[in-house]
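>>> requesting a structural model of the entry that follows:
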Amino acid sequence: MRLSRPFPHTGTAEVTVVVPCYNYGRYLPEVVQSVLSQERVDPRVIIVDDASPDGSLEVARVLAAADSRITVVSHTRNQGHIATYNDGLARVETEYVALLSADDLLAPGALGRAADLMKAHPQVGLVYGMPLEFSTEQGLPCTDDSGRLASWTIWSGREWLRWTCRRGRCFILSPEVVMRTEAMRKVGPYNTGLPHSGDLEYWVRTAAGWDVGRVNGPAQAFYRVHGNNMHLTTFDTIQVDLKERLAAFNVLATAELQQQLPGADLFHRQARRGICREALLLAERNLDAGGAIDLSLSLLDVAQSACAEAAETLRGRSVAYRLQRARRGEAPASIQGLIEGFRRQLDRVRWTAWRKVGIS
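Below is the predicted model of the structure:
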């Protein structure tokens, strides 16, 4: 990992932003404006409507009629979000590309900052940054990034994978990603079998062949939080999230990645151990907070599916001890509250590290 000071590229970068849309027509004008108002780039927009019944297609066509930089693709039947991603990405012809959900927004200057980094580092295939959450009711967060000191973090693909696999998690939310189109073409389409963790698997495949960069400092995107978010409606339990992460990291065991990435087996084992540790830690924390026994048991099952020896580890035995206390109806011990306080402090340290350099 190396940090460097950013510097602007010369010329104008061409960037296409693919906007998949299903029943989000009410958000389309705002998301399109966030793209077309980007400075120092030549932006294009491809809206792919996945047979929305809410009039999204009509909204998209009105926008396209007013601006030639907008292209509209319509599905006659609903194909699902992964197929919609792939349809839009296959139509990109510019040097750089981003995939932005219709309910999210780009931050001002985000595309130019990402293009600067990739112009300066030709081996970087993927750039991400800091996304900020917002809601329709509360509006965008009040941020003034005009004077914020920015930096770049650059990893070799192997180095970024090492961090990602050791933690067994994804450091990228998604709307802040900009890719080199050449990299996107070589990586190929999204995996239709991973509706929840397709992004993580895609970043793993990208890092297997390309370096990874991050724009630190200014926000790169705004992620809208509302009741219709897929992770809140379809995948609403942490156990499911952990299982889907396991499925995403299984790409490291495929023949393609084994051939492309020396040591892919080791990365795969690290990822499984990382998910095992997190599942056991969550099982501990749930019991320390007086949570339901069934939840910790299901998390223990996830840990054992990731690592057969999970129950025999120090943390696995710690979970077993807490389960015994909980089954006897005993309240969490006072030391457990002290441990949880330390964990919260560690959470804050990791969150700060992620905000600063993109990993934690």
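>>> which residues in the stretch 51-200 of the chain form helices?
For the stretch 51-200 of the chain, the helices defined by DSSP state H, counting those that start in this stretch occupy 56-66, 81-89, 110-120, 157-167, 181-187, 198-207.
>>> same question, the stretch 201-350 of the chain
With DSSP H, counting those that start in this stretch as the criterion, the stretch 201-350 of the chain has helices spanning 230-233, 238-249, 255-260, 264-288, 293-306, 314-327, 334-357.
>>> tell me which of the ones you listed lies nearest to residue 193.
Smallest distance to residue 193 across the helices of the stretch 201-350 of the chain (CB to CB): 8.0 Å, for helix 238-249. Heads up, the C-betas are built off the backbone N, CA and C, glycines and all.
>>> so what's residue 7 up against?
116, 120 (CB atoms under 8 Å, 6 or more residues apart in numbering).
>>> which ones are touching the residue nearest to residue 217 when sequence neighbours are not counted?
Spatial nearest neighbour of residue 217, chain neighbours left out: residue 150 (3.6 Å); criterion: CB to CB, 6 or more residues apart in numbering. The neighbourhood of residue 150, defined by CB under 8 Å, 6+ apart, consists of 6, 113, 215-218.
>>> pretty sure residue 32 contacts residue 62?
No - contact criterion CB atoms under 8 Å: residue 32 and residue 62 do not qualify, at 10.6 Å.
>>> neighbour count for the two, which is higher?
A side-by-side neighbour count of residue 32 and residue 62, using other CB atoms under 10 Å, places residue 32 first with 25 against 14.
>>> which element is the more buried one on?
helix 28-36 (DSSP states H and E).
>>> so where's the stretch 1-150 of the chain shaky on pLDDT?
In the predicted model, the stretch 1-150 of the chain carries pLDDT under 70 at residues 143-149.
>>> re earlier: the contacts of residue 150 in strands, which ones?
Among the contacts of residue 150, the members found in strands (DSSP state E) are 215-218.
>>> looking at the contacts of residue 150, spot the one nearest residue 157.
Taking those together and measuring to residue 157 by CB to CB, the closest member is residue 215, at 17.6 Å.
>>> can you report how many residues lie near that closest one?
27.
>>> wait, isn't it in contact with residue 127?
Yes - the pair formed by residue 215 and residue 127 meets the contact definition of CB under 8 Å, at 6.4 Å.
>>> can you work out which residues contact both of those two?
Residues touching both residue 215 and residue 127 (CB under 8 Å, 6+ apart): 114, 117.
>>> distance check, residue 174 against residue 114.
Per CB to CB, to the nearest Å, residue 174 is found 14 Å from residue 114.
>>> more neighbours: which of those two?
residue 114 (30 against 19).
>>> how far away is that one from residue 213?
In terms of CB to CB, residue 114 sits 8 Å off from residue 213.
>>> what do you get for residue 87?
Using CB to CB, residue 87 is found at 27 Å from residue 213.
>>> the two: who's more crowded?
More crowded of residue 87 and residue 213, by other CB under 10 Å: residue 213, with 27 against 18.
>>> okay, domains of this protein per the record?
Domain assignment for the chain by automatic domain parsing gives 2-233, 238-357.
>>> does residue 18 touch residue 92 like I think?
Yes - with contact defined as CB under 8 Å, residue 18 counts as touching residue 92 (6.8 Å).
>>> tell me, what's touching these two both at once?
Contacts common to residue 18 and residue 92, judged by CB under 8 Å, 6+ apart, are residue 46.
>>> ranking the domains of the chain by burial, who's on top?
Comparing the domains of the chain by mean neighbour count (mean count of other CB atoms under 10 Å), domain 2-233 comes out on top with a mean of 19.
>>> now do the contacts for residue 187.
Counting by CB under 8 Å, 6+ apart, residue 187 has contacts 125, 202, 205-206, 209.
>>> which residues touch residue 23?
Contacts of residue 23 by CB under 8 Å, 6+ apart are 52-54, 56, 228.
>>> quickly find the element holding it.
Per DSSP H and E, there is no helix or strand for residue 23.
>>> so how far is residue 17 from it?
Taken as CB to CB, the span from residue 23 to residue 17 is 20 Å.
>>> got it, and residue 78?
Applying CB to CB to residue 78 and residue 17 gives a distance of 22 Å.
>>> one more: residue 218?
Residue 218 is 18 Å from residue 17, by CB to CB.
>>> ditto for residue 284
Per CB to CB, residue 284 is found 42 Å from residue 17.
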